[in-house]
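[1] Here's a sequence, model it:
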Amino acid sequence: MTKTWYGRELQIGVLGGGQLGRMLIQAANSLDIQLHMLDPDPAAPCAQIACSFQQGALTDYNTVMAFGQSKDLLTVEIENVNTDALRELEKQGVKVFPQPHILELIRDKGTQKQFYLDNGIPTAPFVFCETSLPSENPFGFPVVHKLRTGGYDGKGVNIIKEESQLRNSFTEPSILEKCIPFSKELSVIVARNEAGQTNCFPLVECEFNPEANLVEFLFSPAAVSSEIEEKAKCIAIEIIEKLDMVGLLAVELFLSQDGELLVNEIAPRPHNSGHHTIEIARCSQFEQHLRAILNLPLGDTSLHSAGAMLNLVGEKGYEGPVVYEGLEEILQIPGVHPHLYGKAQTKPFRKMGHVTISAPNMTEVRSKAEKVKYTIRVVSK
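    Residues are numbered from 1 along each chain as shown. Next up is the predicted model:
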């Protein structure tokens, strides 16, 4: 029997069946909402727990059309989907959040950066590159070279320290960006519903693994002034309102050494930098996303403790059936909450799960986080 929302049958489809979709399902269960998932991988993290699961290519027009025509509302957990199909489904009366034109704008780092310029949003200076790099590097070294499309989880971004590296970098359409000396990398997640209500989660501070170019830790609340916190939230709200977007938006920022906030990138969906909200916020980012796309009142984003999130990624040198060494040991630590994504196979730097750490203060959080980091390892049989 089809579940209802406020007495009306409602079919909700999600393009993408990875770990974000898995956690979205877990939040939906609490609201008695059933989600139908589409993903190309038959063993995707959502496959065993979704109300229904369909295997199919997210970028194929006919597949997305066939999946979406039986739905009242569609959302995404990944940007790289067929937006032509989503536009046509909108014309047929299916609600799509975030809206297709927003997905198109954001998944291209070039149009994303141009949006910042056109709307007065602070961001690092950049130039467009087509198949060849500019004859002169206008920013000096180091410089950041980014593919316009197709990059994810640290891929598609090169930090270039000298001319020879630049010559051997990407040849596809890209952007060359000034490398900003920053004191912190920050992220803020903002939600907006159809009624125009907005709400931000507290700012988080990210620490990256330099080898994998992935977030290793995040800590919330961030160790910044109230002025910086408020300015970051204002930037996030300005972006989502100027986009006229419905849903959840993650805004990644640099805090420069002179105290300026610059937008790095945005993501129109639940995000790695919001996983900690499951345990330490009064409303998780996943519940908030559902509230936003269903035009419900947005949830309370305040924190009830300090917290951290550690990404669990595959160890170098291991590939095959996954084994989580040290899992029992970290389960003995109060305030430690592992989330495993149901991926059967590990490989180096593949995201396999995360661990949330909560405690009354950040000193205790950091102490526990370091212990967890050196206790658990993602290896293979």
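[2] Apart from its chain neighbours, what residue comes closest to residue 63?
    With sequence-adjacent residues excluded and distances taken as C-beta to C-beta, 6 or more residues apart in numbering, residue 63 is closest to residue 56, at 4.0 Å. (C-beta placed from N, C-alpha, C; glycine too.)
[3] can you pull the contacts of the one you found?
    Going by C-beta atoms under 8 Å, 6 or more residues apart in numbering, residue 56 touches 38-40, 63-64, 66-67.
[4] Go through these and give me the one with the most neighbours.
    Counting neighbours by other C-beta atoms under 10 Å, residue 38 comes out on top of the contacts of residue 56 with 29 neighbours.
[5] Please report phi then psi for it.
    The phi and psi values for residue 38, taken as degrees, to the nearest 10, are phi -120, psi 130.
[6] Now for the residue nearest to residue 203 when sequence neighbours are not counted: which residues touch it?
    Spatial nearest neighbour of residue 203, chain neighbours left out: residue 222 (4.3 Å); criterion: C-beta to C-beta, 6+ apart. Residue 222 is in contact with 184, 186, 202-205, 229, counting by C-beta under 8 Å, 6+ apart.
[7] let's see it at 10 Å
    Contacts for residue 222 were tallied using C-beta atoms under 10 Å, 6 or more residues apart in numbering; they are 184-188, 202-206, 228-229, 232, 255, 362.
[8] Now flag whichever of the residues you listed is closest to residue 167.
    residue 185 (28.0 Å; C-beta to C-beta).
[9] how near is that closest one to residue 254?
    6 Å (C-beta to C-beta, to the nearest Å).
[10] Need the residues touching each of those two.
    Joint contacts of residue 185 and residue 254 (C-beta under 10 Å, 6+ apart) are residue 264.
[11] which residue is nearest the middle of the protein?
    Geometric centre of the chain, nearest residue: residue 271, 2.4 Å, by C-alpha atoms, centre = their mean.
[12] Mind checking what secondary structure the residue nearest to that residue when sequence neighbours are not counted has?
    What sits nearest to residue 271 in space, not counting adjacent residues and going by C-beta to C-beta, 6+ apart, is residue 250, at 3.4 Å. Per DSSP: H, G, I helix; E, B strand; the rest coil, the local secondary structure of residue 250 is strand.
[13] Show me the shaky parts of the stretch 51-200 of the chain.
    132-135, 153-154 (pLDDT under 70).
[14] So which residues of it form helices?
    61-68, 83-91, 100-107, 109-118, 163-167 (DSSP state H, counting those that start in this stretch).
[15] which residues sit against the third one?
    Residues external to helix 100-107 that are found in contact with it (C-beta under 10 Å, 6+ apart): 15, 74, 76, 78-90, 96, 98-99, 111-112, 114-115, 148-152, 240, 243-247, 249, 265-269.
[16] Which positions within it qualify as buried?
    Neighbour counts over helix 100-107 (16 or more other C-beta atoms under 10 Å) mark 100-103, 105-107 as buried.
[17] Surely residue 128 touches residue 138?
    No: Residue 128 is beyond contact range of residue 138, at 11.7 Å (criterion: C-beta atoms under 10 Å).
[18] Quick check: closest non-adjacent residue to residue 42.
    Here the residue nearest residue 42, using C-beta to C-beta, 6+ apart, is residue 55, at 4.9 Å.
[19] Give me the neighbour count for the one you found.
    Other residues lying near residue 55 total 15 when counted by other C-beta under 10 Å.
[20] Confirm for me that it is in contact with residue 46.
    No: counting by C-beta under 10 Å, residue 55 stays clear of residue 46, with 11.0 Å between them.
[21] circling back: helix or strand: which one has the residue nearest to residue 203?
    Residue 222 belongs to no helix or strand when assigned by DSSP states H and E.
[22] Tell me the residues that contact both of residue 55 and residue 46, please.
    17, 37-39.
[23] just to revisit the earlier point, output the contacts of residue 56 as TSV; include the columns distance to residue 261.
    Listed next are the contacts of residue 56 as TSV, based on distance: C-beta to C-beta, whole Å:
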residue	distance to residue 261
38	37
39	35
40	37
63	40
64	36
66	43
67	39
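[24] thinking again about what came up before, how much space between the residue nearest to residue 203 and residue 184?
    On the measure of C-beta to C-beta, residue 222 and residue 184 end up 7 Å apart.
[25] circling back: who touches the residue nearest to the centre of the chain in this structure?
    Contacts of residue 271 by C-beta under 10 Å, 6+ apart are 20, 187, 189, 204, 215, 248-252, 285, 289.
[26] These: which two are farthest apart?
    So, these by C-beta to C-beta: farthest apart are 215 and 289, at 19.2 Å.
[27] ok, of the contacts of residue 56, which one's closest to residue 162?
    Nearest to residue 162 among these, with distances taken as C-beta to C-beta, is residue 40, at 38.8 Å.
[28] What are the phi and psi values at the closest one?
    Dihedral angles of residue 40 (phi, psi; degrees, to the nearest 10) stand at phi -70, psi -20.
[29] what about the closest residue to it other than its chain neighbours, how many residues close to it?
    Closest residue to residue 40 apart from its sequence neighbours, by C-beta to C-beta, 6+ apart: residue 57 at 5.3 Å. Residues lying near residue 57 (other C-beta under 10 Å) number 14.
[30] and residue 57, how far is that from residue 82?
    In terms of C-beta to C-beta, residue 57 sits 8 Å off from residue 82.
[31] and what of residue 88?
    Taken as C-beta to C-beta, the span from residue 88 to residue 82 is 10 Å.
[32] Can you pull the residues that touch both of those two?
    61, 64-65, 68, 100.
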